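>>> sequence isn't available, so here's the structure alone:
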Ligand SMILES: NC(=O)c1ccc[n+]([C@@H]2O[C@H](COP(=O)([O-])OP(=O)(O)OC[C@H]3O[C@@H](n4cnc5c(N)ncnc54)[C@H](OP(=O)(O)O)[C@@H]3O)[C@@H](O)[C@H]2O)c1
(Lines give C-alpha, C1' and ligand atoms only; values in the text may rest on other atoms or scores of the structure.)
Protein backbone atom coordinates (compact mmCIF):
# COMPACT_ATOMS: atom_id res chain seq x y z
CA UNK A 1 0.00 0.00 0.00
CA UNK A 2 1.26 3.45 -0.87
CA UNK A 3 1.21 5.34 2.48
CA UNK A 4 2.24 8.60 0.76
CA UNK A 5 -1.26 9.11 -0.65
CA UNK A 6 -2.71 8.68 2.90
CA UNK A 7 -0.35 11.41 4.14
CA UNK A 8 -1.19 13.60 1.11
CA UNK A 9 -4.91 13.23 1.88
CA UNK A 10 -4.89 13.64 5.68
CA UNK A 11 -1.72 15.67 6.26
CA UNK A 12 0.94 15.03 8.91
CA UNK A 13 -1.69 14.08 11.57
CA UNK A 14 -2.84 11.10 9.47
CA UNK A 15 -2.23 8.50 12.21
CA UNK A 16 -4.13 10.55 14.77
CA UNK A 17 -7.20 10.62 12.47
CA UNK A 18 -6.91 6.92 11.63
CA UNK A 19 -6.51 5.88 15.30
CA UNK A 20 -9.40 8.11 16.41
CA UNK A 21 -11.65 6.65 13.71
CA UNK A 22 -10.81 3.10 14.83
CA UNK A 23 -11.45 3.93 18.49
CA UNK A 24 -14.82 5.61 17.74
CA UNK A 25 -15.86 2.68 15.52
CA UNK A 26 -14.77 0.19 18.19
CA UNK A 27 -16.84 2.04 20.84
CA UNK A 28 -19.96 2.02 18.62
CA UNK A 29 -19.59 -1.67 17.76
CA UNK A 30 -19.00 -2.50 21.46
CA UNK A 31 -22.09 -0.52 22.57
CA UNK A 32 -24.25 -2.12 19.86
CA UNK A 33 -23.04 -5.65 20.73
CA UNK A 34 -23.52 -4.94 24.46
CA UNK A 35 -27.15 -3.89 23.86
CA UNK A 36 -28.21 -7.10 22.06
CA UNK A 37 -30.60 -9.25 24.13
CA UNK A 38 -31.48 -12.93 24.26
CA UNK A 39 -34.91 -14.15 23.09
CA UNK A 40 -37.58 -16.30 24.82
CA UNK A 41 -37.07 -14.99 28.36
CA UNK A 42 -40.45 -16.50 29.35
CA UNK A 43 -39.07 -20.01 28.79
CA UNK A 44 -35.93 -19.54 30.89
CA UNK A 45 -35.27 -20.46 34.53
CA UNK A 46 -32.92 -18.62 36.87
CA UNK A 47 -31.87 -19.79 40.35
CA UNK A 48 -30.72 -17.09 42.81
CA UNK A 49 -29.16 -17.73 46.25
CA UNK A 50 -29.54 -15.47 49.31
CA UNK A 51 -32.94 -14.03 48.34
CA UNK A 52 -34.21 -13.09 51.81
CA UNK A 53 -32.88 -9.52 51.52
CA UNK A 54 -30.59 -7.10 49.65
CA UNK A 55 -29.50 -7.57 46.03
CA UNK A 56 -30.83 -11.15 45.77
CA UNK A 57 -34.30 -10.17 46.90
CA UNK A 58 -34.51 -7.18 44.53
CA UNK A 59 -33.08 -9.20 41.61
CA UNK A 60 -35.74 -11.92 42.05
CA UNK A 61 -38.53 -9.35 41.93
CA UNK A 62 -37.03 -7.68 38.83
CA UNK A 63 -36.48 -10.98 36.97
CA UNK A 64 -40.01 -12.03 37.88
CA UNK A 65 -41.41 -8.82 36.36
CA UNK A 66 -39.27 -9.39 33.24
CA UNK A 67 -40.93 -12.77 32.68
CA UNK A 68 -38.25 -15.26 33.84
CA UNK A 69 -39.17 -18.32 35.87
CA UNK A 70 -37.42 -17.42 39.13
CA UNK A 71 -36.25 -20.08 41.59
CA UNK A 72 -35.30 -18.28 44.79
CA UNK A 73 -33.12 -19.92 47.45
CA UNK A 74 -33.98 -18.39 50.84
CA UNK A 75 -32.15 -18.96 54.12
CA UNK A 76 -35.22 -18.28 56.27
CA UNK A 77 -38.93 -19.15 56.00
CA UNK A 78 -39.80 -15.54 56.82
CA UNK A 79 -37.67 -14.29 53.89
CA UNK A 80 -39.31 -16.79 51.52
CA UNK A 81 -42.86 -15.87 52.63
CA UNK A 82 -42.22 -12.15 52.24
CA UNK A 83 -40.73 -12.61 48.77
CA UNK A 84 -43.62 -14.82 47.59
CA UNK A 85 -46.11 -12.24 48.81
CA UNK A 86 -44.73 -9.53 46.47
CA UNK A 87 -44.00 -11.75 43.45
CA UNK A 88 -46.03 -13.36 40.68
CA UNK A 89 -46.86 -17.08 40.17
CA UNK A 90 -43.65 -17.68 38.16
CA UNK A 91 -41.47 -17.11 41.24
CA UNK A 92 -40.99 -20.12 43.51
CA UNK A 93 -38.90 -20.35 46.66
CA UNK A 94 -36.91 -23.13 48.29
CA UNK A 95 -35.11 -23.23 51.66
CA UNK A 96 -31.37 -23.07 51.00
CA UNK A 97 -28.32 -22.89 53.23
CA UNK A 98 -25.26 -22.80 50.94
CA UNK A 99 -23.02 -24.15 53.72
CA UNK A 100 -25.07 -27.36 53.97
CA UNK A 101 -24.42 -30.02 51.25
CA UNK A 102 -27.81 -31.74 51.89
CA UNK A 103 -29.64 -28.45 51.49
CA UNK A 104 -27.80 -27.78 48.19
CA UNK A 105 -28.51 -31.30 46.90
CA UNK A 106 -32.23 -30.96 47.74
CA UNK A 107 -32.37 -27.57 45.99
CA UNK A 108 -30.72 -29.09 42.89
CA UNK A 109 -33.15 -32.08 42.76
CA UNK A 110 -36.10 -29.68 43.09
CA UNK A 111 -34.66 -27.40 40.38
CA UNK A 112 -34.10 -30.38 38.07
CA UNK A 113 -37.82 -31.23 38.30
CA UNK A 114 -38.85 -27.60 37.79
CA UNK A 115 -36.71 -26.97 34.68
CA UNK A 116 -37.20 -30.40 33.03
CA UNK A 117 -35.54 -30.78 29.63
CA UNK A 118 -34.89 -27.03 29.32
CA UNK A 119 -32.08 -27.02 31.88
CA UNK A 120 -31.20 -24.02 34.02
CA UNK A 121 -30.45 -20.76 32.19
CA UNK A 122 -28.92 -18.88 35.11
CA UNK A 123 -27.37 -19.52 38.51
CA UNK A 124 -26.72 -16.36 40.54
CA UNK A 125 -24.39 -17.06 43.48
CA UNK A 126 -25.36 -14.07 45.58
CA UNK A 127 -25.58 -15.36 49.19
CA UNK A 128 -22.91 -13.84 51.40
CA UNK A 129 -21.97 -12.53 54.82
CA UNK A 130 -19.42 -9.95 55.92
CA UNK A 131 -18.86 -10.27 59.68
CA UNK A 132 -16.45 -10.54 61.35
CA UNK A 133 -14.26 -7.88 59.72
CA UNK A 134 -11.47 -5.97 61.45
CA UNK A 135 -7.75 -6.00 62.23
CA UNK A 136 -6.25 -9.37 61.23
CA UNK A 137 -4.58 -9.94 64.62
CA UNK A 138 -8.01 -9.82 66.29
CA UNK A 139 -9.34 -12.80 64.29
CA UNK A 140 -9.59 -16.37 65.49
CA UNK A 141 -9.15 -19.06 62.82
CA UNK A 142 -12.91 -19.79 63.03
CA UNK A 143 -13.64 -16.12 62.24
CA UNK A 144 -11.99 -16.55 58.82
CA UNK A 145 -13.81 -19.83 58.20
CA UNK A 146 -17.31 -18.62 59.11
CA UNK A 147 -17.23 -16.06 56.28
CA UNK A 148 -15.39 -18.24 53.79
CA UNK A 149 -17.84 -21.13 54.32
CA UNK A 150 -20.65 -19.00 52.85
CA UNK A 151 -18.83 -16.71 50.43
CA UNK A 152 -16.52 -19.14 48.63
CA UNK A 153 -17.18 -22.74 49.74
CA UNK A 154 -20.90 -22.05 49.17
CA UNK A 155 -20.23 -20.61 45.70
CA UNK A 156 -18.08 -23.59 44.69
CA UNK A 157 -20.54 -26.17 46.09
CA UNK A 158 -23.55 -24.53 44.41
CA UNK A 159 -21.73 -24.19 41.07
CA UNK A 160 -20.43 -27.76 40.96
CA UNK A 161 -23.83 -29.21 41.97
CA UNK A 162 -25.84 -27.14 39.49
CA UNK A 163 -23.33 -27.26 36.59
CA UNK A 164 -25.00 -30.19 34.73
CA UNK A 165 -28.31 -28.25 34.67
CA UNK A 166 -26.55 -25.11 33.38
CA UNK A 167 -24.69 -27.14 30.75
CA UNK A 168 -28.00 -28.48 29.44
CA UNK A 169 -29.29 -24.94 28.83
CA UNK A 170 -25.91 -23.53 27.70
CA UNK A 171 -26.62 -20.99 30.41
CA UNK A 172 -24.82 -18.55 32.68
CA UNK A 173 -23.21 -18.54 36.10
CA UNK A 174 -23.18 -15.14 37.78
CA UNK A 175 -20.93 -14.89 40.83
CA UNK A 176 -21.24 -11.94 43.20
CA UNK A 177 -17.79 -10.81 44.25
CA UNK A 178 -17.00 -7.30 45.53
CA UNK A 179 -14.52 -4.46 45.07
CA UNK A 180 -13.00 -6.08 48.16
CA UNK A 181 -12.20 -8.99 45.85
CA UNK A 182 -9.92 -6.54 44.02
CA UNK A 183 -8.49 -4.46 46.89
CA UNK A 184 -7.70 -6.11 50.24
CA UNK A 185 -8.82 -3.34 52.57
CA UNK A 186 -10.07 -5.37 55.56
CA UNK A 187 -8.80 -8.16 57.79
CA UNK A 188 -10.95 -11.30 58.19
CA UNK A 189 -12.40 -13.81 55.76
CA UNK A 190 -14.39 -11.39 53.57
CA UNK A 191 -11.65 -10.08 51.25
CA UNK A 192 -10.02 -13.52 51.11
CA UNK A 193 -13.33 -15.10 50.08
CA UNK A 194 -14.04 -12.47 47.42
CA UNK A 195 -10.51 -12.73 45.94
CA UNK A 196 -11.19 -16.48 45.76
CA UNK A 197 -14.55 -15.87 44.02
CA UNK A 198 -12.67 -13.85 41.36
CA UNK A 199 -10.15 -16.65 40.87
CA UNK A 200 -12.73 -19.45 40.83
CA UNK A 201 -14.88 -17.55 38.32
CA UNK A 202 -11.95 -16.79 35.97
CA UNK A 203 -10.83 -20.45 35.98
CA UNK A 204 -14.40 -21.64 35.46
CA UNK A 205 -15.06 -19.22 32.58
CA UNK A 206 -11.92 -20.35 30.76
CA UNK A 207 -12.85 -24.03 31.21
CA UNK A 208 -16.59 -24.09 30.41
CA UNK A 209 -16.92 -21.63 27.51
CA UNK A 210 -16.40 -24.61 25.16
CA UNK A 211 -19.91 -25.75 26.14
CA UNK A 212 -21.59 -22.40 25.54
CA UNK A 213 -21.60 -21.53 29.25
CA UNK A 214 -20.82 -17.93 30.21
CA UNK A 215 -19.43 -16.93 33.61
CA UNK A 216 -19.84 -13.36 34.88
CA UNK A 217 -18.44 -11.63 37.94
CA UNK A 218 -20.31 -8.79 39.67
CA UNK A 219 -18.06 -6.40 41.62
CA UNK A 220 -20.26 -4.02 43.63
CA UNK A 221 -18.85 -1.08 45.53
CA UNK A 222 -20.41 -0.25 48.92
CA UNK A 223 -24.23 -0.36 49.16
CA UNK A 224 -26.68 -0.02 52.06
CA UNK A 225 -27.69 -3.60 52.86
CA UNK A 226 -27.40 -6.00 55.81
CA UNK A 227 -23.81 -6.79 54.73
CA UNK A 228 -22.70 -3.20 55.41
CA UNK A 229 -24.96 -2.67 58.44
CA UNK A 230 -22.86 -1.00 61.16
CA UNK A 231 -24.53 -2.62 64.17
CA UNK A 232 -23.32 -6.23 63.56
CA UNK A 233 -19.91 -5.02 62.34
CA UNK A 234 -19.39 -3.02 65.54
CA UNK A 235 -20.82 -5.76 67.78
CA UNK A 236 -18.27 -8.21 66.32
CA UNK A 237 -15.39 -5.72 66.77
CA UNK A 238 -16.32 -5.34 70.48
CA UNK A 239 -16.50 -9.13 70.87
CA UNK A 240 -13.13 -9.66 69.21
CA UNK A 241 -11.40 -6.94 71.21
CA UNK A 242 -12.82 -8.28 74.50
CA UNK A 243 -11.50 -11.77 73.67
CA UNK A 244 -7.90 -10.60 73.05
CA UNK A 245 -5.22 -11.34 75.63
CA UNK A 246 -4.34 -8.39 77.96
CA UNK A 247 -0.94 -8.02 76.17
CA UNK A 248 -2.51 -7.72 72.72
CA UNK A 249 -5.18 -5.33 74.04
CA UNK A 250 -2.43 -3.18 75.60
CA UNK A 251 -0.48 -3.09 72.31
CA UNK A 252 -3.53 -1.45 70.64
CA UNK A 253 -4.46 0.72 73.63
CA UNK A 254 -7.79 1.77 75.19
CA UNK A 255 -8.76 4.26 72.52
CA UNK A 256 -8.00 2.16 69.41
CA UNK A 257 -11.37 0.37 69.15
CA UNK A 258 -13.32 3.62 69.59
CA UNK A 259 -11.24 5.39 66.91
CA UNK A 260 -11.50 2.39 64.53
CA UNK A 261 -15.30 2.39 64.88
CA UNK A 262 -15.47 6.15 64.28
CA UNK A 263 -13.42 5.86 61.07
CA UNK A 264 -15.52 2.89 59.91
CA UNK A 265 -18.76 4.85 60.54
CA UNK A 266 -17.45 7.87 58.63
CA UNK A 267 -16.38 5.78 55.64
CA UNK A 268 -19.53 3.63 55.51
CA UNK A 269 -21.84 6.64 55.84
CA UNK A 270 -19.92 8.48 53.12
CA UNK A 271 -19.65 5.70 50.53
CA UNK A 272 -22.67 3.39 50.99
CA UNK A 273 -25.14 3.89 48.13
CA UNK A 274 -28.86 3.26 48.76
CA UNK A 275 -29.63 2.58 45.07
CA UNK A 276 -29.38 -1.23 44.87
CA UNK A 277 -30.62 -1.19 41.25
CA UNK A 278 -27.07 -0.23 40.20
CA UNK A 279 -26.08 -3.77 41.18
CA UNK A 280 -29.20 -5.63 40.06
CA UNK A 281 -29.05 -3.94 36.62
CA UNK A 282 -25.59 -5.48 36.15
CA UNK A 283 -26.93 -8.87 37.25
CA UNK A 284 -29.88 -8.49 34.83
CA UNK A 285 -27.55 -7.60 31.96
CA UNK A 286 -25.43 -10.68 32.67
CA UNK A 287 -28.57 -12.85 32.37
CA UNK A 288 -30.31 -11.13 29.44
CA UNK A 289 -27.51 -9.83 27.18
CA UNK A 290 -26.62 -11.85 24.11
CA UNK A 291 -22.96 -11.11 24.90
CA UNK A 292 -22.62 -10.71 28.69
CA UNK A 293 -19.45 -9.12 30.08
CA UNK A 294 -16.91 -11.08 32.14
CA UNK A 295 -16.87 -8.37 34.83
CA UNK A 296 -19.35 -5.75 35.98
CA UNK A 297 -18.35 -3.03 38.44
CA UNK A 298 -21.40 -1.48 40.11
CA UNK A 299 -21.46 1.92 41.81
CA UNK A 300 -19.43 5.11 41.43
CA UNK A 301 -17.03 4.20 44.25
CA UNK A 302 -16.24 0.96 42.40
CA UNK A 303 -15.67 2.67 39.04
CA UNK A 304 -13.78 5.74 40.26
CA UNK A 305 -11.93 4.53 43.34
CA UNK A 306 -11.66 0.79 44.01
CA UNK A 307 -11.15 -0.62 40.51
CA UNK A 308 -8.54 2.03 39.54
CA UNK A 309 -6.82 1.39 42.93
CA UNK A 310 -6.66 -2.32 42.13
CA UNK A 311 -4.34 -1.57 39.18
CA UNK A 312 -1.98 0.61 41.23
CA UNK A 313 1.16 -0.53 43.08
CA UNK A 314 0.53 -2.05 46.55
CA UNK A 315 2.14 0.90 48.36
CA UNK A 316 -0.66 3.24 47.22
CA UNK A 317 -3.29 1.26 49.17
CA UNK A 318 -0.81 0.69 52.05
CA UNK A 319 -0.25 4.44 52.45
CA UNK A 320 -3.95 5.28 51.96
CA UNK A 321 -5.05 2.92 54.73
CA UNK A 322 -2.24 4.06 57.02
CA UNK A 323 -3.45 7.65 56.67
CA UNK A 324 -7.08 6.76 57.35
CA UNK A 325 -6.92 4.09 60.09
CA UNK A 326 -5.89 4.77 63.73
CA UNK A 327 -2.41 3.83 64.92
CA UNK A 328 -2.03 1.18 67.67
CA UNK A 329 -0.74 2.65 70.96
CA UNK A 330 2.48 0.62 70.94
CA UNK A 331 3.25 0.84 67.22
CA UNK A 332 6.95 1.10 66.40
N1 LIG B 1 -23.78 -4.51 50.24
C2 LIG B 1 -22.58 -4.29 49.75
O3 LIG B 1 -22.04 -3.18 49.90
C4 LIG B 1 -21.88 -5.37 48.98
C5 LIG B 1 -20.73 -5.00 48.28
C6 LIG B 1 -20.06 -5.96 47.53
C7 LIG B 1 -20.54 -7.26 47.50
N8 LIG B 1 -21.67 -7.59 48.19
C9 LIG B 1 -22.12 -8.98 48.09
O10 LIG B 1 -23.44 -9.03 47.62
C11 LIG B 1 -24.05 -10.24 48.03
C12 LIG B 1 -25.43 -9.95 48.59
O13 LIG B 1 -25.29 -9.20 49.78
P14 LIG B 1 -26.24 -7.99 50.18
O15 LIG B 1 -25.39 -6.77 50.21
O16 LIG B 1 -27.46 -7.99 49.35
O17 LIG B 1 -26.55 -8.31 51.72
P18 LIG B 1 -27.71 -9.18 52.38
O19 LIG B 1 -28.98 -8.43 52.32
O20 LIG B 1 -27.22 -9.58 53.72
O21 LIG B 1 -27.81 -10.44 51.43
C22 LIG B 1 -27.11 -11.64 51.66
C23 LIG B 1 -28.10 -12.75 51.69
O24 LIG B 1 -27.41 -13.99 51.84
C25 LIG B 1 -28.11 -14.75 52.81
N26 LIG B 1 -27.25 -15.74 53.41
C27 LIG B 1 -26.34 -15.58 54.40
N28 LIG B 1 -25.77 -16.75 54.72
C29 LIG B 1 -26.35 -17.68 53.92
C30 LIG B 1 -26.22 -19.08 53.78
N31 LIG B 1 -25.38 -19.78 54.55
N32 LIG B 1 -26.98 -19.73 52.86
C33 LIG B 1 -27.84 -19.04 52.10
N34 LIG B 1 -28.04 -17.72 52.19
C35 LIG B 1 -27.30 -17.04 53.09
C36 LIG B 1 -28.62 -13.73 53.80
O37 LIG B 1 -29.69 -14.26 54.57
P38 LIG B 1 -30.04 -13.60 55.99
O39 LIG B 1 -30.39 -12.17 55.71
O40 LIG B 1 -31.20 -14.38 56.48
O41 LIG B 1 -28.81 -13.75 56.82
C42 LIG B 1 -29.08 -12.62 52.87
O43 LIG B 1 -30.36 -12.82 52.41
C44 LIG B 1 -23.10 -10.87 49.03
O45 LIG B 1 -22.37 -11.89 48.39
C46 LIG B 1 -22.18 -9.72 49.41
O47 LIG B 1 -20.91 -10.16 49.82
C48 LIG B 1 -22.34 -6.67 48.94
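Sure, I can see it. Computed from a predicted structure; not experimentally measured.

>>> contacts and neighbour counts: CA atoms only from here.
Will do.

>>> list the contacts of the helix or strand containing residue 259.
When elements are assigned from DSSP states H and E, residue 259 belongs to helix 256-271. Here helix 256-271 makes contact (CA atoms under 8 Å, 6 or more residues apart in numbering) with 222-223, 228, 230, 234, 237-238, 241, 301, 324-329.

>>> so which bits of the stretch 201-332 of the chain are right by the ligand?
For the stretch 201-332 of the chain, the residues in contact with the ligand (CA under 6 Å from any ligand atom) are 220-228.

>>> could you pick out the longest helix of the chain?
Here the longest helix in the chain is taken by residue count, with DSSP state H as the criterion, and it is helix 14-35.

>>> after the helix holding residue 259, next one along is what?
Per DSSP H and E, the first helix or strand lying C-terminal to helix 256-271 is helix 277-288.

>>> residue 93 in helix, strand or coil?
Judged by DSSP: H, G, I helix; E, B strand; the rest coil, the three-state class of residue 93 is strand.

>>> that one and the ligand: what is the separation?
Using CA to the nearest ligand atom, to the nearest Å, one gets 12 Å for the distance from residue 93 to the ligand.

>>> quick one: the strands in this structure?
Under the criterion DSSP state E, strands of the chain are mapped to 45-48, 69-74, 91-95, 122-125, 133-134, 172-176, 187-188, 214-220, 295-298.

>>> show me where pLDDT drops low in the stretch 1-150 of the chain?
Confidence mapping of the stretch 1-150 of the chain against pLDDT under 70 gives the ranges 1-3.

>>> how many neighbouring residues does residue 329 have?
Residue neighbour count, defined by other CA atoms under 10 Å, stands at 14 for residue 329.

>>> hang on, it packs against residue 248?
No - here residue 329 does not reach residue 248: they are 10.7 Å apart, not a contact under CA atoms under 8 Å.

>>> which parts of the stretch 101-250 of the chain are helices?
For the stretch 101-250 of the chain, the helices defined by DSSP state H, counting those that start in this stretch occupy 101-115, 141-148, 154-169, 189-208, 230-242, 246-252.

>>> how far does the shortest one sit from its chain's centre?
Put plainly, it is helix 246-252. 35 Å (CA atoms, centre = their mean, to the nearest Å).

>>> what pLDDT, on average, does it get?
The predicted model gives helix 246-252 an average pLDDT of 97.

>>> ok, residue 234 - contacts?
The contact partners of residue 234, taken as CA under 8 Å, 6+ apart, are residue 261.

>>> that one and residue 189, how far apart?
Applying CA to CA, to the nearest Å, the value for residue 234 to residue 189 is 16 Å.

>>> then residue 124?
Using CA to CA, we find residue 124 at a distance of 21 Å from residue 189.

>>> need the residues of the stretch 51-200 of the chain near the ligand, please.
With CA under 6 Å from any ligand atom as the criterion, the stretch 51-200 of the chain meets the ligand at residues 51-56, 75-76, 96-99, 126-129, 150, 176-178.

>>> can you flag the buried ones in those residues?
Applying 16 or more other CA atoms under 10 Å to those, the neighbour count classes 51-56, 75, 96-99, 126-129, 150, 176-178 as buried.

>>> contact partners for the residue lying closest to residue 275 once chain neighbours are set aside?
Counting by CA to CA, 6 or more residues apart in numbering, residue 275 lies nearest to residue 223, which is 7.4 Å off, once chain neighbours are set aside. Under the criterion of CA under 8 Å, 6+ apart, the neighbours of residue 223 are 271-276.

>>> flag every buried residue along stretch 277-287.
Going by 16+ other CA under 10 Å, stretch 277-287 has these buried residues: 277-280, 282-287.

>>> what do you get for stretch 189-202?
189-198, 201-202.

>>> do the same with stretch 259-277
Using 16+ other CA under 10 Å, the residues of stretch 259-277 that count as buried are 260-261, 264, 268, 272-273, 276-277.

>>> nearest to the ligand, of the residues you listed?
Proximity of these to the ligand, judged by CA to the nearest ligand atom, is greatest for residue 272, which lies at 6.7 Å.

>>> please tell me I have it right and that closest one contacts residue 227.
No - taking contacts as CA under 8 Å, residue 272 lies outside contact range of residue 227: 10.9 Å.

>>> quickly list the domain ranges of the protein.
The domain map for the chain lists 1-35, 40-324, with the assignment taken from automatic domain parsing.

>>> single out the most deeply packed of the ones you listed.
Using mean count of other CA atoms under 10 Å, the stretch among those with the greatest mean number of neighbours is domain 40-324 (a mean of 19).

>>> can you give me how far that one is from the chain middle?
Once both centres are worked out by CA atoms, centre = their mean, domain 40-324 turns out to sit 5 Å from its chain's centre.

>>> residue 179 and residue 217 touch, don't they?
No - with contacts defined as CA under 8 Å, residue 179 does not count as touching residue 217, sitting 10.8 Å away.
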